[in-house]
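J.: Build me a structure from this.
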Amino acid sequence: MFVPPDQGAVFFNIGSVPAAGTNFDYVVPASTRILLLGLSFTFATDANVANRLISIDIEDGSANRVLSSLQQTAMTASNIYQVFFAAYPQEEAYAISTELVRIGVFPPVLPLRSLWHIKSRCDGIQATDQFDNIYALAYQWIDPVV
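T.: Numbers count the residues shown, from 1 in each chain. Alright, predicted model coming up:
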């Protein structure tokens, strides 16, 4: 089922902030579907020297990875990054006034079913690295009760 663009998109917080050093995991609520348009979050890196690469993984309700979208530029120690993932057919280079912004992409039509997961996966995550302000932009609808 596709939700026409004229029905509007919602911008919502996808849950509580995960513990330091861990990734976030949002589960699409039961009887709900979403068409994911974008994700936005901050990522604070601790002082440990390491390169961190974040991907967004989409898993179905049986823990099968359906999609993995990698953000291409490593994040380094002692910074706070604003990270965006957007539904766009290809990665674009943007002139941004700060180097502390990272942009990743995933397919432009990404419908998620009830109980599917939107997860971050950070390679090189350190014990006190922290995700925060995690928001999604999506079309959302309720499945009819059968």
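
J.: can we go C-alpha only for contacts and neighbour counts from here?
T.: OK.

J.: tell me the contacts of S69?
T.: The contact partners of S69, taken as Cα atoms under 8 Å, 6 or more residues apart in numbering, are 55-57, 104-106.

J.: and the helix or strand containing it, average pLDDT?
T.: Using DSSP states H and E, S69 falls within strand 65-70. Taken as a whole, strand 65-70 has an average pLDDT of 88.

J.: Closest to C122 out of the contacts of S69?
T.: S55 (6.4 Å; Cα to Cα).

J.: check which helix or strand covers the closest one.
T.: Judged by DSSP H and E, S55 forms part of strand 53-59.

J.: Run the chain-centre distance for stretch 46-56.
T.: 16 Å (Cα atoms, centre = their mean, to the nearest Å).

J.: Find the residue at the geometric middle of the chain.
T.: L39 (4.5 Å; Cα atoms, centre = their mean).

J.: isn't there a strand covering that one?
T.: Yes - assignment of L39 by DSSP: H, G, I helix; E, B strand; the rest coil places it within a strand.

J.: How far away from the center of its chain is stretch 56-72?
T.: On Cα atoms, centre = their mean, the centre of stretch 56-72 falls 10 Å from the chain's centre.

J.: Below-threshold pLDDT in the chain: ranges please.
T.: Low-confidence segments of the chain, defined by pLDDT under 70, are located at 1-8, 89-99, 145-146.

J.: mind redoing it with 50?
T.: Along the chain, the model assigns pLDDT under 50 to residues 1, 93-97.

J.: where along it do the strands fall?
T.: Along the chain, counting by DSSP state E, strands occupy 10-13, 25-27, 32-44, 53-59, 65-70, 80-87, 101-106, 111-112, 117-123, 130-142.
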